[in-house]
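K.L.:
Build me a model:
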Amino acid sequence: MAYWMRNNRRHESGVVNLWPVMKWIGVAALLASGAMLVVWQQTQNAALARGIEECRLKTEKTRRDNAQLGLQIAQLERPEVLEWKNQVWRLGLVPPAESQIVRVGTSDLLAPTPRPGARTVRHPGAVALRR
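P.N.:
Okay, here's the model as predicted:
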């Protein structure tokens, strides 16, 4: 009798062997989970790339806005504009008198004369404490 015919068919079950089916299901699950991991990673990379591009565009826009605002500030600080606004808004601003100007420098000729009754600071930057 041939080898493949030796088995007694009465002892074999009509149900499909479970081990090969479970093995193929496991292999398919591993392949599917690997594929899902690759898709998830690609999605994360795409989201990160979009975020980086948005940050770059936002930075460029902020730089352009800062440059534009710097030009506006420089334009508004021009003496002609300040004088015009002083007249239009009737602020009554006048240039300071010479006695109101304190000149800071190393030259003693430009140093202001001390006011009568004012305390002299011996060390520049020192704080006078009251007793």
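
K.L.:
Could you check which helix or strand contains residue 44?
P.N.:
Assigned by DSSP states H and E, residue 44 belongs to helix 18-76.

K.L.:
Now do the phi/psi pair for residue 77.
P.N.:
Backbone torsions for residue 77, taken as degrees, to the nearest 10, come to phi -90, psi 0.

K.L.:
can you check residue 93 too?
P.N.:
Per-residue torsions, residue 93: phi -80, psi 140 (degrees, to the nearest 10).

K.L.:
how much space between residue 55 and residue 81?
P.N.:
Taking Cβ to Cβ, to the nearest Å as the measure, residue 55 falls 36 Å from residue 81. Every C-beta, even on glycine, is put in place using the N, C-alpha and C of the backbone.

K.L.:
same question, residue 48
P.N.:
Separation of residue 48 from residue 81 (Cβ to Cβ) stands at 47 Å.

K.L.:
before we move on, what about residue 39?
P.N.:
Taking Cβ to Cβ, one finds residue 39 at 60 Å from residue 81.

K.L.:
I'd like to check what contacts the worst-scoring helix or strand of the chain on mean pLDDT. Which residues are they?
P.N.:
Among the helices and strands of the chain, helix 79-88 carries the lowest confidence by mean pLDDT, DSSP states H and E, at a mean of 93. Contact partners of helix 79-88, identified using Cβ atoms under 8 Å, 6 or more residues apart in numbering, comprise 75-76, 91-93.
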